Structures are given as C-alpha cells and as structure tokens.
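Engineer: Can you look at this prediction? I've put the sequence above it.
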Amino acid sequence: MTATDAPPAPGAAVLRARKRGRLLWLFGLLVALVALMFLSITVGSRNVQWPDIVAALGGSAEGFDQAAVAKRIPRTLLAVVAGAALGVSGAVMQGVTRNPLADPGILGVNMGASLAVVTGIAYFGLTTAAGFAWVAIVGATITAVFVYVIGSLGRGGASPLKLALAGTATSAALTSFISAVVLPRNDIADDVRSWQIGGVGGGTFDSVTQVLPFLVVGMAVCLLSAYGLDLLALGDDLAAGLGARVALARGVASLGAVVLCGATTAVTGPIGFVGLVVPHVCRLLVGVGHRWLLPFSALAGAALLTAADVAGRIVARPGEVDVGIVTALIGAPFFIYIVRRQKVRSL
C-alpha cells in the first residue's frame, strides 16, 4: 500500500462530522436571525404588509405603516449589533476569567458604563452617541479592573462566586451613584430613567453608525483573541508553557470585551444576561473552542436580543416591554441554575 492509499487518520471521520454539524447549526442560526429580523420589522403595535416594507426600504414614509417600518429598521439593526456585541463580550469575559458566571451585567461593567454616560450627560453636556461610547468605555474599563481586583482579594484568588458577589455589590453602589447624579437634574431625569432600563426602541441610523466603529474594533480584537483564550482555558502555567503571553492575552481580550459592552451600553442602556445565557447555550452546540464559540455567540446574541424585542412588543400591545426587562426574565432563572450547579468553580 502506498502512502497515498493509506487510510485516513483515526478520528478524521468524527472531526468531519463535527464540522458539518457546526456548519449546519451556523446556517440554522443565520436563517433564524433573518426570520427574526423580518418579524421585528413587521410586528408591533401595528402589523405591516410587504408592500409597505418595500416602500419604506425605498425611502418612502407615507402613512402610518410605512412610517412604522422606517422606525423599526434602525431599531432592528441596533438589536442585532447590540446582541452580537453582548454575546461575544460575555463569552470573552467567561474565557478570560474562567468564570461561568461572568457577564457584563453581573460583573458590574454595564453599570460602570452607565454611570460614566450619566455623568457625561449631567456635567459635560454630552449629546452624541460617539461621545457616550467614549465615556462608557472608560467607565466600563475602570469598573472591570476594580471588580477583578476586589474579587481577587483573599484566599483562592478570583473565584467565580467572589467575582459575582463583587460585581453585584459594585452594581448596587453604582446604581446609587447614578441616582445621586440624576435626582437633582429634572431636565434629564425622565430620559435617563427610561434609558437605564435597557432597550433598543430609540435606535436611529445616526446612533448606530456612530457606535458601529467601536463595535467593529471590539469585535475584531475579540475574534483575534480566540486562540489565546483557548490557551488560557488550559490554565496559566500550561498556557505559558505553550508560548502564550498570559498577561498580554488576558489584557487584550478583556479590552475587546470592555469596548463591546461599553459601546453597546452607550446606545441601549444596561442590558443584562445576554452575555451569560448565550455562551453557555453555544457551548452545547459547538464545544468550548473559542474560534467557533465567538462567531456562534455573536449570531445567537443577535437572535436572542431581536427575539426579546419582538416579544416585548407583542405581550403588551399597544404598548411594549423594554428589552432589558425581557432579557432579565429569561436570564435570572438561568443565573440561579448556574449558581446552583455543583461544578461552578471554573469552566
């Protein structure tokens, strides 16, 4: 038997089948996301028909139905990009900390970004989405470092439960600070309270385009960090033995995650639990390898937030429930389930 006639290496068929399965799941997620985007444009307090959608896409806004479509299109785009950003951010945070409880909301990062934005509005006259994004990223970064330092104190280092407790306590404190900033300012109080719930109803093409460069940069950094995250999952000592610069890999990946959740919070407000639920579900589909996990988390996060937005519009017609409330109703039971699992010390 020649070398070219040699049988395939053991396990090759299994690897091919696994790859086909992942590609099928990827295609299924894409189809589901497209369907949800269509529902997001057509469903609401007024259900619209296909001719109105086509007319609105062509720039027409005559009549209530076409005007509704024209408003829902940027809202849908914001739900997609925000959901993708939060899903990837959560997956990266879980990989960096090896913490199954990591999530931008649970670790207090979203509230740090929120406090920075509210402070910028109240004292520095910020009005643009790009300005909100810059200060939100700074606030999210400071909070992430603070929570990690607090959660690392004492014996055992940064355990999942210690980080979750530190993040929860920090979120509570930051929420009080936000109230202290807003209460004396009646001119901004109503808008800030609505924004704090977390939602995509105020999405416009202008706000999406202003924040999109931040999300693109953050997403690129996270995706390029996938290999380093796989090494970090083996433990710091083994990762260093395999040639990884552990501190650099952890810092760069964390920066990408903070940019994503900070920029998202700037335009949507603090939306919780997407970054917790999505990575866990995606691991069941594609395993723990981040080169597959991160793209899947992006698609699944986009689908989850879009579905939550559609559900919020359906259950309270003719009003609506903000998407932050819907994701909390989904994510809170999931968080309790993760905490109650026996093997919660690390991924």
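Structural biologist: Looks like it came in fine. What you see is a predicted model; the values in this text were computed from it and never measured.
Engineer: Distance of V69 relative to L39?
Structural biologist: 13 Å (Cβ to Cβ, to the nearest Å). C-beta coordinates here come from the backbone N, C-alpha and C atoms, glycine included.
Engineer: higher neighbour count, those two?
Structural biologist: Higher neighbour count among V69 and L39: V69, with 24 against 18, using other Cβ atoms under 10 Å.
Engineer: Pretty sure the more buried one sits against V54.
Structural biologist: No: contact between V69 and V54 fails when scored by Cβ atoms under 8 Å: they sit 9.2 Å apart.
Engineer: could you measure A129 against A35, distance?
Structural biologist: Separation of A129 from A35 (Cβ to Cβ): 28 Å.
Engineer: Comparing those two, which residue is more hemmed in?
Structural biologist: Neighbours were tallied for A129 and for A35 using other Cβ under 10 Å; the higher tally belongs to A129 (21 against 13).
Engineer: Pull the contacting residues for the more buried one.
Structural biologist: Residues in contact with A129, defined by Cβ atoms under 8 Å, 6 or more residues apart in numbering, are 206-207, 210-211, 266-267.
Engineer: cool, and V138?
Structural biologist: 116, 262.
Engineer: Grab the longest helix from this structure for me.
Structural biologist: helix 63-97 (DSSP state H).
Engineer: Retrieve the pLDDT associated with the spatially most central residue of the chain.
Structural biologist: The residue lying closest to the centre of the chain (Cα atoms, centre = their mean) is L86, at 0.5 Å. Note for L86: predicted pLDDT of 96.
Engineer: heads up, I number from 570, so please use that
Structural biologist: Sure thing, new numbering starts at 570, so read that last one as L655.
Engineer: So it sits against L829, correct?
Structural biologist: Yes: the criterion here is Cβ under 8 Å, and L655 meets it with L829 at 7.3 Å.
Engineer: residues in contact with the closest residue to M606 other than its chain neighbours?
Structural biologist: Excluding the flanking residues, the one nearest M606 by Cβ to Cβ, 6 or more residues apart in numbering is T645, at 5.4 Å. Contacts for T645 (Cβ under 8 Å, 6+ apart) come out as 606, 609-610, 875, 878.
Engineer: Take those and keep only those in helices.
Structural biologist: In helices, defined here by DSSP H, the members of the contacts of T645 are 606, 609-610, 875, 878.
Engineer: Pull out the buried members of the residues you listed.
Structural biologist: Neighbour-count burial (16 or more other Cβ atoms under 10 Å) applied to the ones in helices among the contacts of T645 gives 606, 609-610, 875, 878.
Engineer: Redo these as TSV? Include distance to N755.
Structural biologist: Converted to TSV, those look like this (distance: Cβ to Cβ, whole Å):
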residue	distance to N755
M606	38
S609	34
I610	36
T875	34
D878	29
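Engineer: ok, the residues you listed vs G810, which is closest?
Structural biologist: T875 (42.5 Å; Cβ to Cβ).
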